[in-house]
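J.: Give the three-dimensional model of this entry:
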Amino acid sequence: MDFLASRGDASSVGWLAHFPFALIRYGWLLATRRYDIVHLNTATNASSWRKWVMQSMARLAGAATVVHFHGSAFPKPGDAQRGWVRVLRLVFERADAIIVLGDYWRDFVARFYHMPPDRFDVVSNGVADFAFDAPQPREENAPVRLLFAGNLTEAKGAGVLLQALALLPKDLPRWRATFAGAGDVAAFRDRAISSGLFGQVEFTGWLALETILPLYRQADIVVLPSRNEVLPVCLLEGACAGAALVATSVGSVPDVLREGRNGLSVKPDDAEELAHALAQLIENGARREAFRTASRDIYNARFRLETMIEGLQGAYRKALATRR
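T.: Presented below is the predicted three-dimensional model:
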């Protein structure tokens with residue numbers, strides 16, 4: 001198996017400089033390796049155009065194509081239909097198999113493009129088990145630990161989480177919150193201090209995987225109040241580690257956060273509702289521990305890496321059997 005990054009590390013329109021060189025290598029690989037399957041990780045916007053070119057080349061080389069869709073930025077009703085919308089439809093129509101990350105995205109994309117839902121295979125992201133003994137019992141009177149793992153942006157909900165933490169009642173049991181992610185750490189730290197959260201909130205900046213996984217194991221609650229998501233890996237890692245989940249019910253988040261079973265859902269940009277949800281779990285240790293156990297069960301049932309691999313293999317078999 002070979003891997004090729006068509007976009008590279010470039011940001012914004014920088015991919016335009018990288019893509020021609022990637023395309024030359026891709027053409028050489030197609031000509032010399034004679035692949036049975038080409039797996040195309042696809043999103044919206046410029047990614048659709050790149051994958052249309054690569055899919056066309058794969059089809060000319062006789063390979064089946066599997067389109068693995070990770071996008072979420074679709075135009076809203078009434079918005080102008082940009083060119084990539086039509087291109088992405090063509091990519092879907094020509095694919096031998098289409099993978100989406102959750103039930104929500106299967107139904108949404110099928111409805112958006114007026115395609116039958118059975119054209120889409122749901123294969124959820126999976127994460128390797130790094131916490132087989134989770135959930136670990138907590139020491140009595142230890143502070144309740146909250147973890148936000150993601151970029152420090154308003155879109156990810158870092159700002160509204162700070163607002164919610166500042167609204168928490170002062171008589172709650174002790175708690176500590178960690179923000180682990182890249183972004184303007186200094187600005188967010190200043191906001192935390194000005195909100196009266198000094199000593200209760202820490203910012204680590206970006207962390208490598210081997211450094212952040214222990215934070216998941218220490219977390220009692222993983223929080224992600226995003227405005228938009230596909231299927232966020234941080235919640236899967238939180239479930240793996242046996243953490244209760246508090247997040248916005250966007251995209252396929254409900255696949256991993258089962259309301260009232262292993263977490264609580266909140267609306268985007270609603271600091272008061274988020275504060276109320278966090279306060280419930282900080283205050284009610286029995287409910288929090290029940291959620292932690294349920295998170296681990298949900299992870300084992302659907303989000304193990306082995307389950308994802310089985311789903312991918314099924315999509316590959318389908319692609320070979322229905323090669324267009």
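
J.: any low-confidence regions in this structure?
T.: 9-14, 78-81, 324 (pLDDT under 70).

J.: Walk me through the domains of it.
T.: Here the domain parsing of the chain from automatic domain parsing is 12-125+305-321, 144-302.

J.: next one: the first one to chain centre, how far?
T.: Okay, so that is domain 12-125+305-321. 17 Å (C-alpha atoms, centre = their mean, to the nearest Å).

J.: and what of stretch 196-215?
T.: With C-alpha atoms, centre = their mean, you get 19 Å for stretch 196-215.

J.: What residues sit buried inside that stretch?
T.: Neighbour-count burial for stretch 196-215 flags L197, Q200, V201, F203, L207, I212, L213, L215 (criterion: 16 or more other C-beta atoms under 10 Å). Glycine gets a C-beta too; all of them are placed from N, C-alpha and C.

J.: Quick one: end-to-end distance for that stretch.
T.: End-to-end distance for stretch 196-215: 24 Å, by C-alpha to C-alpha, to the nearest Å.

J.: Mind listing residues that contact that stretch?
T.: Stretch 196-215 is contacted by residues 130-131, 147, 149, 152, 162, 165-166, 175-182, 185, 188-189, 192, 237, 241 when judged by C-beta atoms under 8 Å, 6 or more residues apart in numbering.

J.: that older thread, tell me which two in the buried residues of stretch 196-215 are the farthest apart.
T.: L197 and L213 (25.2 Å; C-beta to C-beta).

J.: show me where the stretch 101-250 of the chain has helices.
T.: With DSSP state H, counting those that start in this stretch, the ranges of helices along the stretch 101-250 of the chain come out as 103-113, 158-167, 185-194, 209-218, 233-240.

J.: just the ones you listed: most buried one?
T.: helix 233-240 (a mean of 26; mean count of other C-beta atoms under 10 Å).

J.: Can you tell me which helices and strands that one packs against?
T.: strand 144-149, helix 209-218, strand 221-224, strand 244-248, helix 253-256, helix 285-302 (3 or more C-beta pairs under 8 Å, 6 or more residues apart in numbering; DSSP states H and E).

J.: And the contacts of the fifth one?
T.: Identification of contacts with helix 253-256 by C-beta under 8 Å, 6+ apart yields 102-104, 124, 224, 229, 231-232, 235-236, 239, 245, 247, 265, 298-299, 302-303.

J.: For E272, state which of the buried residues of stretch 196-215 is nearest.
T.: For these, with E272 as the reference and C-beta to C-beta as the criterion, the closest is L197, at 16.6 Å.

J.: so how far is A247 from that closest one?
T.: 21 Å (C-beta to C-beta, to the nearest Å).

J.: looking at the helices and strands packed on helix 233-240, which is closest to V67?
T.: Nearest to V67 among the helices and strands packed on helix 233-240 is helix 253-256 (20.1 Å), distances taken as C-beta to C-beta.

J.: So what's the gap between that closest one and the chain middle?
T.: 10 Å.

J.: From start to finish, how long is stretch 237-247 in a straight line?
T.: End residues of stretch 237-247 are separated by 14 Å (C-alpha to C-alpha).
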